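# Following is a predicted model, sequence given first.
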Amino acid sequence: MGVGELKSEESSVASSETRAYDSEFRLDPLTERWVLIAEGRNERPSDFETDGVERGAREPCERDADYQCAFCPGNEGLTTPTTAAVIPRDSCANGDYPSDYVVASGGDACGVQGPSWRARAFENKYPAFRLSERGADALDFSEPRRRFRSGELSPSERFFQKIDAVGRHEVVADTNRHLRGWGEMTALEVGLAFRLLQSRLRDFRASGRFAHAFFFKNVGVGAGASQPHSHCQIVASPLTPDDVHFQLERVALYEKNRRAVGETDSFWDALLRAELADGRRVVAAMEEFVLYCPYASRFPIQMEICPRSDEPFEDYDSNKLDALARTARNAVLALQRAYEKQVPTATAPLDYNVVMTNAPYRVNSDFEEAARVFRPRLTILPSLVKKAGYEHGSGIDINPISPETAASRLRKFWGNV
Ligand SMILES: [Zn+2]
């Protein structure tokens, strides 16, 4: 979908009363944390049984007479209209190489049906937020904080500050086969899914409407998935999330300090150099990416894929994109082989999240340089622990498996997959 389609869809959303957004970000005056209140998400159905058994996840859904997977080919009508899809370059049904496929968007994609597509994007039926004509460009997370700190608000206003949550929330069914996740997909399939993810993020960046966009993946009930068919979600927002902005501030400070002392390495160059020199937390070092378990991993067996150069994900060429897709797939495979049935809380198949941390598209002039060197990373998080009292009370996560132990085990399974 191009910019034109984005605008026309925006109008149709704004003109429909039943589709008016109802989500809002609320500010906690003590912690200054934002919370997204989105009652529309409550209505979303789950295709998992309540005991966590995945309906149809292990068998192709067409063999399961009473189950219709909304993300399988032929069931496109069960989702919102297709916004973009990966399809064969010519009428042949399948190809062996990424170059045999193209990404179709807008009108070329909306009629895509049946098994010809290999990955398909569409708006989330139960989005956390939607586009609106109401002042998206004027939204600013910092303004309510400024007002609170300035003391200019009346008692009835100061504790109840909010901003409308507007944006775009899409789903990418990342294979036309009813598979669970990247570990079950071929390298070609994962590579094609990454083409579509990149294409959507490129469109969101080019639209000029969003300050930030990223994708994530939930696999299994324990990771928050409501659908058993492998998929990703993309969220584009006119706001840069606080966590990303906090990282941006740290990078800006690092850049300023390293210039002052004449260091040549940027933040991630220096970090990767240090991790590679130490070696204990590195799982694999490729030409363009390093896979490692971060020193202060918040969760057990947390893995990060960090690029060795500063280029935005949206600008990766096809070779680099394929290399990232291959690394992500192999990381999930190594995780599954190394840890399914190996830790007390793990069951097979293992549930996990993959989260992209992306650079903002729009920043104020103080952070432009930091945004240019901000590296897009992928974090893989197995769902092995739940936050309990200590974590809620202190804000500090307890990680029962050290990143050194996790990396040591993952290395044994890396490459044997
Ligand atoms: Zn399916």
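Received the coordinates, thanks.
# what does the stretch 151-300 of the chain have sitting close to the ion?
With Cβ under 5 Å from the ion as the criterion, the stretch 151-300 of the chain meets the ion at residues His178, His229. (Glycine included, C-beta is placed from N, CA and C.)
# quick one: the helices in the stretch 151-300 of the chain?
For the stretch 151-300 of the chain, the helices defined by DSSP state H, counting those that start in this stretch cover 155-158, 187-207, 242-261, 267-278.
# for the record, mean pLDDT for the third one?
Okay, so that is helix 242-261. What helix 242-261 shows for mean pLDDT is 93.
# Could you do the first one as well?
Averaging the model's pLDDT scores along helix 155-158 yields 84.
# Please compute how far it lies from its chain's middle.
Mean C-alpha position of helix 155-158 versus that of the full chain (Cα atoms, centre = their mean, to the nearest Å) differs by 36 Å.
# hey, which of the helices of the stretch 151-300 of the chain is tucked in deepest?
Comparing the helices of the stretch 151-300 of the chain by mean neighbour count (mean count of other Cβ atoms under 10 Å), helix 187-207 comes out on top with a mean of 23.
# Break the chain down into its domains, please.
Domain ranges of the chain: 3-237, 242-413, per automatic domain parsing.
# worst average pLDDT in those domains?
Per-stretch mean pLDDT for these is lowest at domain 3-237 (a mean of 79).
# gap between that one and the chain center?
Offset of domain 3-237 from its chain centre (Cα atoms, centre = their mean): 10 Å.
# what does stretch 301-311 give?
Here the centre of mass of C-alpha atoms in stretch 301-311, compared against the chain's by Cα atoms, centre = their mean, lies 14 Å away.
# okay, it in PDB with CA atoms only?
What follows is stretch 301-311, C-alpha atoms only, in PDB (Å, rounded to 0.1, in the frame of the first residue of the first chain):
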ATOM      1  CA  ILE A 301      17.900 -17.100  27.100                       C
ATOM      2  CA  GLN A 302      17.300 -13.600  25.700                       C
ATOM      3  CA  MET A 303      19.100 -13.300  22.400                       C
ATOM      4  CA  GLU A 304      19.800 -10.200  20.300                       C
ATOM      5  CA  ILE A 305      20.700  -9.900  16.600                       C
ATOM      6  CA  CYS A 306      22.700  -6.800  16.200                       C
ATOM      7  CA  PRO A 307      24.000  -5.500  12.800                       C
ATOM      8  CA  ARG A 308      27.600  -4.600  12.300                       C
ATOM      9  CA  SER A 309      26.700  -1.300  10.500                       C
ATOM     10  CA  ASP A 310      24.400   1.600  11.000                       C
ATOM     11  CA  GLU A 311      22.100   1.200   8.000                       C
END
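# Which positions in that stretch come out as buried?
Under the neighbour-count criterion of 16 or more other Cβ atoms under 10 Å, stretch 301-311 has Ile301, Gln302, Met303, Glu304, Ile305, Cys306, Pro307, Arg308 buried.
# cool, stretch 226-234 as well?
For stretch 226-234, the neighbour count (16+ other Cβ under 10 Å) marks Gln227, Pro228, His229, Ser230, His231, Cys232, Gln233, Ile234 as buried.
# any idea how far the second one is from Leu276?
Distance from Pro228 to Leu276, counting by Cβ to Cβ, to the nearest Å: 38 Å.
# now the end-to-end length of stretch 307-317.
The first and final residues of stretch 307-317 sit 13 Å from each other (Cα to Cα, to the nearest Å).
# contact partners of it?
Contacts to stretch 307-317, defined as Cβ atoms under 8 Å, 6 or more residues apart in numbering, come from residues 198, 201-202, 205, 266, 268, 272, 287-290, 320, 324, 356, 358-359, 372-377.
# Next: stretch 270-279.
Defining contact as Cβ under 8 Å, 6+ apart, one finds that stretch 270-279 is touched by Arg258, Glu263, Asp265, Arg281, Val282, Ala285, Val290, Tyr292, Tyr295, Cys306, Arg308.
# so the third one makes contact with Glu255?
Think Asp265. No - Asp265 lies out of contact with Glu255 (Cβ atoms under 8 Å); the separation is 10.7 Å.
# one step back: adding secondary structure, write the buried residues of stretch 301-311 out as a markdown table.
As requested, those are exported to a markdown table (DSSP: H, G, I helix; E, B strand; the rest coil):
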| residue | secondary structure |
| --- | --- |
| Ile301 | coil |
| Gln302 | coil |
| Met303 | strand |
| Glu304 | strand |
| Ile305 | strand |
| Cys306 | strand |
| Pro307 | strand |
| Arg308 | coil |
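# Which ones among the buried residues of stretch 226-234 lie within strands?
The strands, defined by DSSP state E, take in His231, Cys232, Gln233, Ile234 from these.
# and which of those is nearest the ion?
Within those, proximity to the ion (Cβ to the ion) peaks at His231, which comes in at 9.1 Å.
# what's the neighbour count on Gly389?
For Gly389, the neighbour count with other Cβ atoms under 10 Å is 7.
# So which residues of the protein form strands?
Listed in chain order, the strands of the chain (DSSP E) span 24-27, 34-37, 82-88, 101-105, 119-123, 162-164, 168-173, 212-219, 231-237, 282-285, 289-292, 303-307, 352-357, 377-382.
# circling back to that earlier point, can you select the buried ones from the contacts of stretch 270-279 in ChimeraX?
In ChimeraX syntax, the buried subset of the contacts of stretch 270-279 is picked out as below (16+ other Cβ under 10 Å):
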select :258,281,282,290,292,306,308
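# All set, thanks.
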